[in-house]
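>>> Attaching a predicted model along with its sequence, questions to come.
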Amino acid sequence: MATPEKVRFGFFGAGSIALFRHGLELSQNPAAEIVLVYDPIKSRAEYLVKHFGGKVAASEEEILKSKEIDAVIVAAYNNEHARLTIAAFEAGKHVLCEKPMAISLEEGSAMVAAGKKAGKKLMIGHNQCLMAPHLKAKQLLQEGIIGDVLTFRTSFCHGGPERWSQDKGPHTWFFKKEKAYVGSMGDLGIHKTYLLPWLLGTDIAEVGAFMDVLHKKDDKGKPITVDDNAMCILRMANGVIGQLTSSWTFYGGEDNSTIITGTKGYMVLGANPDYQVEVFLDNGEVIRYKVGAMATNTVQVKSGIPDLFVDCILDDFEPPFDGIKGYKALAAVVACMESSEAGKIVKVQNELVPVKAAGVAKKSSPVKKSSPAKSSTAKKAKKA
Ligand SMILES: NC(=O)c1ccc[n+]([C@@H]2O[C@H](COP(=O)([O-])OP(=O)(O)OC[C@H]3O[C@@H](n4cnc5c(N)ncnc54)[C@H](O)[C@@H]3O)[C@@H](O)[C@H]2O)c1
């Protein structure tokens, strides 16, 4: 079969991430074309099409049935990811799905199985690994600059998604358990449960966590139904131990920093705006690298994720940020939720779970109720 020269895209969702990342970056890629965009709020699809191309689709089915579409972007609410991804695979499309990939381990496993069955590619939008400071850190860790890694501390914190989402304000879907499933830990923490295994080359084996609603209120003035803060401890499969913090109440700024300690010294990522990677060695040597900024919600840096996905399809290689790694990142988040609820250390379910047809939420059906909070209830990555 002849290799296509272009990848033609359909969009499920025309909210903030579809606009600021997928629409913008695909519109700048000559090997990509946006063909159809669907969002139940039509004005959002119209806005995306006006700025980045394509036509507004009248329904999800129009995208699924279109023979002009090779791949879809799934950028809808978290509880829609699995249903849309599996439908797209059944319609013969490749899928780039946003994180968190799903709202249960059953759904995540079903997505991986559906992609395999269809022989199509599944990539999850875990963009942190492509950020310049993290790419540099991976290279330095592989070179052994700080020796053997012993511990880490990592944070991903900002003032909340109600300032970012197209649903601006306290009514945002991000605050609703039935649509989001998990709060700061699924929005921000999951980036780090993805990043740390990638940086350190080992899975997260077990976790302990406190997840709670400390400050955010919904549009009725009631505490939101997902966590706004999570403090977690992680043990990696190779014995490294570390701390992970996610927060939606980091008012006044954004913190996406990591400290990794090793037998010869430590490195600091994303803390100094002038030198995004700093290495402090036990022999007194200090090495500072200017490699480029981390993206923030207010200052977006090109993620490279849509371009990499286009390359995966055109050059026919497996996405480096694949469904199985996305599943493991989700599994660590689910384990943190269980730990917080039960008040105990929980092992991470890193193996895919058996898939039952009933495991995937149907259109508009509510998700299983379970509280996360105890008290309140391209190619560079290919090489990496
Ligand atoms: N990778 C990242 O760094 C990153 C950053 C932000 C958001 N996200 C993820 O992207 C997804 C979307 O978040 P957002 O920030 O764009 O939110 P948003 O509120 O700005 O937009 C979500 C959009 O999805 C639409 N939608 C809901 N159900 C749909 C369906 N069935 N079909 C098509 N569209 C549907 C909504 O109408 C809305 O316009 C979420 O899963 C979120 O976690 C990822």
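Thanks, I have it.

>>> Name the SS class of K328, please.
helix (DSSP: H, G, I helix; E, B strand; the rest coil).

>>> which bits of the stretch 101-250 of the chain sit near the ligand?
Among all residues of the stretch 101-250 of the chain, those adjacent to the ligand (criterion: Cβ under 6 Å from any ligand atom) are G125, N127, W164, S165, Q166, D167, W173, D187. Backbone N, C-alpha and C define where each C-beta goes, glycine included.

>>> what residues are up against the closest residue to the third one other than its chain neighbours?
This means W164. Distance criterion Cβ to Cβ, 6 or more residues apart in numbering; nearest residue to W164, sequence neighbours excluded, is N297 at 5.0 Å. With contact set as Cβ atoms under 8 Å, 6 or more residues apart in numbering, N297 has these partners: H158, R163, W164, E254.

>>> Which of these sits closest to T151?
Nearest to T151 among the contacts of N297 is E254, at 23.6 Å by Cβ to Cβ.

>>> and that closest one, how far is that from the ligand?
12 Å (Cβ to the nearest ligand atom, to the nearest Å).

>>> Was I right to think that residue contacts H158?
Yes - shown here, E254 and H158 form a contact pair, counting by Cβ atoms under 8 Å, at 4.3 Å.

>>> Look at those two and report which has more neighbours.
H158 (24 against 19; other Cβ atoms under 10 Å).

>>> With A137 as the reference, measure out to that one.
Going from H158 to A137 by Cβ to Cβ, to the nearest Å gives 21 Å.

>>> do the same with Y38
38 Å.

>>> ditto for M236
Going from M236 to A137 by Cβ to Cβ gives 16 Å.

>>> Which of those two has more residues huddled nearby?
Between M236 and A137, counting by other Cβ under 10 Å, A137 is the more crowded of the two (26 against 20).

>>> what about that one, which helix or strand?
Here A137 sits within helix 132-143, counting by DSSP states H and E.

>>> Who are the packing partners of that helix?
Helices and strands touching helix 132-143, by 3 or more Cβ pairs under 8 Å, 6 or more residues apart in numbering; DSSP states H and E, are helix 190-200, strand 258-262, strand 265-269, strand 277-281.

>>> dump the residue contacts of D148.
By Cβ under 8 Å, 6+ apart, the residues touching D148 are G262, T263.

>>> Quick check: phi and psi at it.
Here is the backbone geometry of D148 (degrees, to the nearest 10): phi -80, psi 130.

>>> in the protein, which spans are helices?
Applying DSSP state H to the chain gives helices spanning 16-17, 24-27, 42-52, 60-65, 81-90, 105-118, 132-143, 177-180, 184, 190-200, 305-314, 323-342, 380-383.

>>> so of those, which one's packed in deepest?
Highest mean neighbour count of the helices of the chain: helix 184, a mean of 29 (counted as mean count of other Cβ atoms under 10 Å).

>>> What mean pLDDT does that helix get?
Averaged across helix 184, the pLDDT comes to 98.

>>> Can you give me the neighbour number for the residue of the stretch 1-150 of the chain found nearest the ligand?
Using Cβ to the nearest ligand atom, the closest approach of the stretch 1-150 of the chain to the ligand is made by G15 at 1.7 Å. By other Cβ under 10 Å, 20 other residues sit near G15.

>>> That one is in contact with D39, isn't it?
Yes - between G15 and D39 there is a contact under Cβ under 8 Å: 7.2 Å.

>>> What are the contacting residues of stretch 328-340?
99-102, 104-105, 108, 124, 126, 182, 185-186, 189-190, 193-194, 197, 203-204, 206-212, 227, 230, 232, 234, 345-350, 370, 372-374.

>>> Try it again at 7 Å.
Stretch 328-340 has contacts (Cβ atoms under 7 Å, 6 or more residues apart in numbering) with 100-102, 105, 108, 126, 182, 185-186, 189-190, 193-194, 197, 203-204, 207-211, 230, 232, 345-350, 372-374.

>>> ok so, going back, among the residues of the stretch 101-250 of the chain next to the ligand, name the buried ones.
Neighbour-count burial (16 or more other Cβ atoms under 10 Å) is assigned, among those, to G125, N127, W164, S165, Q166, D167, W173, D187.

>>> ok, and the closest non-adjacent residue to the first one?
Nearest in space to G125, with sequence neighbours left out and distances taken as Cβ to Cβ, 6+ apart, is E98 at 4.6 Å.

>>> Run through the residues that contact that neighbour.
E98 touches I17, V74, A75, H81, G125, counting by Cβ under 7 Å, 6+ apart.

>>> Relative to the ligand, which of the contacts of N297 is nearest.
Nearest to the ligand among those, with distances taken as Cβ to the nearest ligand atom, is W164, at 5.9 Å.

>>> Tell me the buried residues in stretch 211-230?
211-213, 216, 218, 223-230.

>>> hmm, which two among the residues you listed are most spread apart?
Once Cβ to Cβ is applied, the buried residues of stretch 211-230 give D218 and A230 as the farthest pair, at 18.7 Å.

>>> L122 contacts V95, correct?
Yes - between L122 and V95 there is a contact under Cβ atoms under 7 Å: 5.2 Å.

>>> Spit out the residues that contact these two alike.
In contact with both L122 and V95: G115, using Cβ under 7 Å, 6+ apart.

>>> Strands of the stretch 151-300 of the chain, start to end?
204-212, 229-236, 241-247, 258-262, 265-269, 277-281, 286-289 (DSSP state E, counting those that start in this stretch).
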